[in-house]
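Peer 1: Test case, fold it:
(chains A and B)
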Amino acid sequence: NAGVMQNPRHLVRRRGQEARLRCSPVKGHSHVYWYRQLPEEGLKFMVYLQKENIIDESGMPKERFSAEFPKEGPSILRIQQVVRGDSAAYFCASSPAQVDQPQHFGDGTRLSIL
Amino acid sequence: AQKVTQAQTEISVVEKEDVTLDCVYETRDTTYYLFWYKQPPSGELVFLIRRNSFDEQNEISGRYSWNFQKSTSSFNFTITASQVVDSAVYFCALSGLTGGGNKLTFGTGTQLKVEL
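Peer 2: Have a look, this model is predicted:
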């Protein structure tokens, strides 16, 4: 009865590299959400996806960031050409199709940019 | 737009004291959900409670209790007889149905320090 699985737990990248964060939702959940927590701040919504569709990306920076949730496999948050300001904890959450169901959170990926 | 305000940035108490964490929210949705999460020093998010906007009954779970007041748009969280293990950052959050889905809007969190 696995919960939301995120990997890696910690990721270190140098400026200019790419970061790929993975999220496997709870089995049977078709909705995935990504949130970012900058140091000493609360969580901020980034993107909401359903299988093969981006539903709401209003919180995602327009450049360098992308997200996908393919038909098979985990959801991926990709950050290209990372900069120091991308250092943060990235949390993934999943929920069933019904909109009134609560989200289940993963343990997050801590991204550090050198 | 939705907004959650946690005015208390940091609270320090001595063990066994009661402590209340405040949460005020803004939303135009008529149906919405309110949440509290705990983030201990290890960093994960621990779900504590979800409350439907139509249910204004207060809730008690062990040493935790929640006071939902729609008239003042508040959803306060009280820990009775606090313990050192309660030390964490606590987040209040809100979700509505505007735009589809139920993305969460978080407050900035309250850091609770419980000392011996």
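Peer 1: all contacts plus neighbour counts: C-alpha atoms, from now on.
Peer 2: Fine.
Peer 1: avg pLDDT for stretch B:28-46?
Peer 2: Here stretch B:28-46 scores 91 as its mean pLDDT.
Peer 1: Go through stretch A:20-35 and flag the buried ones.
Peer 2: A:21-26, A:29-35 (16 or more other C-alpha atoms under 10 Å in any protein chain shown).
Peer 1: Pass me the low-pLDDT residue ranges in chain A, would you?
Peer 2: A:1-2, A:98-100 (pLDDT under 70).
Peer 1: hmm, 90 instead?
Peer 2: A:1-3, A:28-30, A:39-42, A:51-52, A:95-104 (pLDDT under 90).
Peer 1: mind listing the strands in it by residue range?
Peer 2: A:5-7, A:10-13, A:19-24, A:31-37, A:43-50, A:53-56, A:65-68, A:75-79, A:88-95, A:104-105, A:109-113 (DSSP state E).
Peer 1: May I have the last one as CSV, with CA atoms only?
Peer 2: The reference is to strand A:109-113. In CSV, the C-alpha atoms belonging to strand A:109-113 read as follows (Å, rounded to 0.1, in the frame of the first residue of the first chain):
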residue,chain,number,x,y,z
THR,A,109,13.1,16.1,-3.3
ARG,A,110,15.7,18.5,-1.9
LEU,A,111,17.4,20.1,-4.9
SER,A,112,20.7,21.9,-4.2
ILE,A,113,22.5,23.9,-6.9
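Peer 1: Contacts made by it with the rest, please.
Peer 2: A:6-15, A:21, A:82-91 (C-alpha atoms under 8 Å, 6 or more residues apart in numbering or on different chains).
Peer 1: Run the angle between it and strand A:88-95 for me.
Peer 2: With axes from the mean of the first three to the mean of the last three C-alpha atoms, to 10 degrees as the basis, strand A:109-113 and strand A:88-95 are set at 150 degrees to each other.
Peer 1: What residues of strand A:109-113 count as buried?
Peer 2: Result for strand A:109-113 [16+ other C-alpha under 10 Å]: buried residues A:109-113.
Peer 1: mind checking how far the nearest residue to A:Ser75 once chain neighbours are set aside is from A:Leu43?
Peer 2: Nearest non-adjacent residue to A:Ser75, counting by C-alpha to C-alpha, 6 or more residues apart in numbering or on different chains: A:Phe69, 4.2 Å away. A:Phe69 sits 21 Å away from A:Leu43, going by C-alpha to C-alpha, to the nearest Å.
Peer 1: Could you do B:Leu34 as well?
Peer 2: Applying C-alpha to C-alpha, the value for B:Leu34 to A:Leu43 is 15 Å.
Peer 1: same deal with A:Tyr35?
Peer 2: 6 Å.
Peer 1: Make a ChimeraX selection of whichever of the contacts of strand A:109-113 turn out to be buried.
Peer 2: Buried residues among the contacts of strand A:109-113 (16+ other C-alpha under 10 Å), as a ChimeraX selection:
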select /A:6,7,9,11,13,15,21,82,83,86,87,88,89,90,91
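Peer 1: Fine by me, thanks again.
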